[in-house]
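no sequence on hand, only this structure:
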């Protein structure tokens, strides 16, 4: 949404919001100190957001592996995201 109408230059659009380093560090400390200790390990087996080693790459590797294993014994696999 532009700041002013009519738009005459790129400066008429608001800047893209980027999360500051301080916010990301604070979020990580809160998750590590207040969330992780209270979540049972069996609840984190298929979660990647709150794991220390979690990443989208880890999730995609796990998903591709799981789909591959299921396709060995099934004709097709449905993924709901």
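Yep, it's here. Everything numeric here is computed off the predicted structure, so don't read it as measured data.

what's the weakest-modelled helix or strand in the chain?
Here the helix or strand of the chain ranked lowest by mean pLDDT, DSSP states H and E is helix 21-30, holding a mean of 85.

could you say what helices and strands it packs with?
Helix 21-30 is packed against no helix or strand, with contacts defined by 3 or more C-beta pairs under 8 Å, 6 or more residues apart in numbering; DSSP states H and E. Quick note: C-beta positions are derived from backbone N, CA and C, even for glycine.

continuing past it, what's the next helix or strand?
Reading on from helix 21-30 to the C-terminus, the next helix or strand found by DSSP states H and E is helix 56-73.

centroid residue for this structure?
Among the residues of the chain, the one closest to the centroid is residue 49, at 5.8 Å (C-alpha atoms, centre = their mean).

next up, the contacts around that one.
When contacts are counted by C-beta atoms under 8 Å, 6 or more residues apart in numbering, residue 49 touches no other residue.

equivalent analysis for the one 5 residues further on, please.
Residues touching residue 54, when contacts are defined by C-beta under 8 Å, 6+ apart, comprise 47-48.

gap between the least confident helix or strand of the chain and the chain center?
Centre-to-centre, helix 21-30 and its host chain are 15 Å apart (C-alpha atoms, centre = their mean, to the nearest Å).

was I right about residue 14 contacting residue 3?
Yes: with contacts counted by C-beta atoms under 8 Å, residue 14 reaches residue 3, the gap being 5.7 Å.

coming back round to it: relative to residue 56, how far out is the residue nearest to the centre of the chain?
Distance of residue 49 to residue 56, computed by C-beta to C-beta, to the nearest Å: 10 Å.

number of nearby residues for residue 67?
14 (other C-beta atoms under 10 Å).

and residue 46, by the same measure?
For residue 46, the neighbour count with other C-beta under 10 Å is 10.
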